[in-house]
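Student: Need the 3D shape of this:
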Amino acid sequence: MISGEDIIVDVSIVDPAVALDAVVRCVWRHWPDLVTQDGESGSRLPDYASIPFGRLPELLIYRDEESLSNWTKSGASPANANTMVHVLADAQWLTLVVDDPQEAVMQSLIDEVRQIIAEQSLRARWAA
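Tutor: Model prediction:
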């Protein structure tokens with residue numbers, strides 16, 4: 001079994017919907033064939049337009065269809081490492097759960113998300 005590591009980002013000044021949207025867009029750049037799933041209901045979200053960013057606090061983002069299928073069959077097995085990002089967003093925190101944050105793609109995703117959230121925070125402060 002693999003275990004996830006929580007990467008926590010303060011988003012207290014950023015709308016959680018904006019933060020979650022930023023994560024999806026960032027992951028999409030690395031995984032253009034990504035598949036999303038509502039983290040609470042398990043319902044698959046067929047495309048970007050179907051993601052209810054303002055109402056969804058938890059999202060599972062799989063690298064592709066095969067990754068979703070493998071996670072469904074085997075769960076957190078070593079073969080599935082770094083093929084899914086679990087995202088939780090609330091009014092205070094954005095949490096990314098990844099298997100190995102030092103792996104190149106995961107490190108890039110984490111860095112990009114932190115940068116985007118920092119930029120969004122600056123914009124929110126300037127607007128206040």
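Student: Provide the contact partners of stretch 45-55 at residue level.
Tutor: Contacts made with stretch 45-55 from outside it, assessed by CB atoms under 8 Å, 6 or more residues apart in numbering, are listed as 17-18, 20-21, 24, 28, 36-38, 59. The way it works is simple: take the backbone N, C-alpha and C, and place the C-beta from them, glycine included.
Student: now stretch 85-98, how far from the centre of its chain.
Tutor: Here the centre of mass of C-alpha atoms in stretch 85-98, compared against the chain's by CA atoms, centre = their mean, to the nearest Å, lies 7 Å away.
Student: first vs last residue of it, how far apart are they?
Tutor: Start to finish, the residues bounding stretch 85-98 are 5 Å apart (CA to CA, to the nearest Å).
Student: Can you show me the strands along the protein?
Tutor: Listed in chain order, the strands of the chain (DSSP state E) span 5-10, 35-38, 44-45, 58-62, 84-89, 93-98.
Student: Alright, I will stop here.
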